[in-house]
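[1] Show me how the following folds:
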Amino acid sequence: MKLPRYSNSIGLYIHVPFCRTKCIYCSFYSEVNFDLHDRYVSSLIKEMELYSKRFRNRTFSTIYIGGGTPSLLNSRQIGRIFEVLRQNFQFEDQVEIAIEANPESVTPEIVKGWKDLGINRVSLGVQSAHDDELKFLGRIHDVAMAEQAIRIIENGGISNFNIDLIFGIPGQTVEKFKESIEWAVSHGAKHISTYSLTVEKGTILHKLLENGKVKLPGEEEFREMYRIREEVLSRYGFKRYEISNFALPGFESRHNRIYWFHGEYLGLGPSAASFVYSPQIVRWQNDANLIEYIDSLSQGNFPPLGEDFVNRSSLLLERIFLYIRTSKGISRELADFVFSKDRSIKRFFECDDTDCRLNFEGMMVADTLSLEIYQILEPHQDLIEL
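    Model (predicted):
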């Protein structure tokens, strides 16, 4: 039986740790100190130069600039980053270059700079097409700003853009979520990411829920939101290629497919994670501390990080968790082995001659299923080619 890596590509991720404000649900590392922008860029350049020797012979398929809010960096700062990137790393001719942006920070000047640098994909953090929901989430923009940002991006010559949407917002109805999806489609998105609102400890949202001041939609409402998402997007020609992500044919995120298909990636910037196979399977993550990041690199040292060597058992677990979230799923041979050990699992999958993937009911319990499948396969991992 085989459970191979589905991707042989390597991607490059850059974390830009700045936001104007902190949204009530967000647990990603970010800072609001704009005085540190130039020092951050200088430190990032030093980190690139340190890693360039190790990755000199690798050709990157994708660049993804995330955050935080990368669109807060001005054209000069983004230009410096790209100049040094191209001096220190090799990229495919048709490299996908994506950047995250929030609507309120998108301007014609910034988009022109992106286009000139070769950025060919924008992921726009809209989250909702309803002003009351945006206000609750702590977003700065309103729907009118989001529509203006889309016009600026398209007029700037970047037609490949994603719209992020959140569902499961307190007070949100199925109908309002449906309207947000239809709004995203009608405004020309080629890719739509729909994320269930997660409650992370330490966030404002967690405190509001703990104190009983807000209430999440019930389980049946969540199920209906999942169902309506599938129904509406498939009607408009979007294909789900991962539990949360839908795209028109040819517009899937190549960078995110590297993550889901267990490819390699180099992460730069505070809190950024990396994963490589050679010479050993290892992942590491920079500490989520901008000041320490700047201080270490100013002294010519790698930033503080945590490192973890991935053993065979962990590799098996990760691949199961990642692969069953995708539309490819796992091989029929492997799935049949699992079904032979526990026939109750089969009802959560749909299969063809070569692969098995989650059906709607399976998507509702994907994480639990992943763990159950791992527990079945782990004692037999010597039979599995990873």
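
[2] use CA for all of it now, contacts and neighbours both
    Fine.

[3] Looking at the nearest residue to residue 352 once chain neighbours are set aside now. What's its pLDDT?
    Leaving aside its chain neighbours, residue 352 sits nearest to residue 332 (7.4 Å; criterion: CA to CA, 6 or more residues apart in numbering). Looking at residue 332, its pLDDT reads 97.

[4] Likewise for residue 25?
    89.

[5] give me every residue that touches the spatially closest residue to it that is not a sequence neighbour.
    In space, and not counting its chain neighbours, residue 25 is closest to residue 205: 5.3 Å by CA to CA, 6+ apart. Residues in contact with residue 205 (CA atoms under 8 Å, 6 or more residues apart in numbering) are 24-25, 199.

[6] Just name the closest of those to residue 319, please.
    Nearest to residue 319 out of the contacts of residue 205 is residue 199 (CA to CA; 24.9 Å).

[7] contacting residues around that closest one?
    25, 205-206.

[8] what does residue 223 give?
    residue 364.

[9] Pop the domain breakdown of the protein in here.
    10-260, 313-383 (automatic domain parsing).

[10] wait, which of those domains is closest to residue 266?
    domain 10-260 (4.9 Å).

[11] that older thread, tally of neighbours for the residue nearest to residue 352?
    17 (other CA atoms under 10 Å).

[12] can you check residue 116 too?
    Residue 116: 12 surrounding residues under other CA under 10 Å.

[13] Just the element for it, please.
    For residue 116, the host element (DSSP states H and E) is helix 108-117.

[14] For that helix, give me every contacting residue.
    71, 74-75, 79, 82, 152-153, 156-158.

[15] and with 6 Å instead?
    Applying CA atoms under 6 Å, 6 or more residues apart in numbering, the contact partners of helix 108-117 are 75, 152, 156.

[16] Give the full set of residues in contact with the second one.
    With contacts defined as CA under 6 Å, 6+ apart, residue 152 is in contact with residue 108.

[17] Looking at the contacts of residue 205, which is nearest residue 251?
    residue 25 (28.1 Å).

[18] So residue 258 versus residue 10, what's the distance?
    In this view, residue 258 and residue 10 are 7 Å apart by CA to CA, to the nearest Å.

[19] do the same with residue 66
    Distance from residue 66 to residue 10, by CA to CA: 17 Å.

[20] Same check on residue 312?
    Counting by CA to CA - residue 312 and residue 10 are separated by 21 Å.

[21] So for those two, which sits in the more crowded spot?
    The neighbour comparison of residue 312 against residue 10 (other CA under 10 Å) goes to residue 10, with 22 against 14.

[22] what's the more buried one in contact with, if anything?
    60-61, 264-265.

[23] Once you drop chain neighbours, what's closest to residue 138?
    That would be residue 23: by CA to CA, 6+ apart, it lies 4.8 Å from residue 138.

[24] what about the one you found, which SS state?
    coil (DSSP: H, G, I helix; E, B strand; the rest coil).

[25] Residue 340 - how many residues pack around it?
    11.

[26] Residue 82 too?
    15.

[27] What sits closest to it if chain neighbours are left out?
    residue 117 (7.1 Å).

[28] Can you tell me the element residue 4 falls in?
    Judged by DSSP H and E, residue 4 forms part of no helix or strand.

[29] Look up how far residue 261 lies from it.
    Distance from residue 4 to residue 261, by CA to CA: 9 Å.

[30] would residue 39 count as being in a helix?
    Yes. Applying three-state DSSP, one finds residue 39 inside a helix.

[31] Where does the closest residue to it other than its chain neighbours sit: helix, strand or coil?
    In space, and not counting its chain neighbours, residue 39 is closest to residue 294: 7.0 Å by CA to CA, 6+ apart. Per three-state DSSP, the local secondary structure of residue 294 is helix.

[32] Return the residues in contact with residue 62.
    Applying CA under 6 Å, 6+ apart, the residues contacting residue 62 are 11, 95-97, 255.

[33] which among those residues gets closest to residue 18?
    Nearest to residue 18 among these, with distances taken as CA to CA, is residue 97, at 19.7 Å.

[34] the strands in the stretch 201-350 of the chain, which residues?
    239-242, 245-247, 264-268, 273-276, 282-286, 305-309, 330-331, 349-351 (DSSP state E, counting those that start in this stretch).

[35] Now do the phi/psi pair for the residue nearest to residue 138.
    phi -70, psi 150 (degrees, to the nearest 10).

[36] Near it, how many residues? Count them for me, please.
    Counted with other CA under 10 Å, residue 23 comes out at 18.

[37] For the closest residue to residue 209 other than its chain neighbours, report the pLDDT, please.
    Sequence neighbours aside, residue 215 is the residue nearest to residue 209 in space, at 6.3 Å (criterion: CA to CA, 6+ apart). pLDDT for residue 215: 90.
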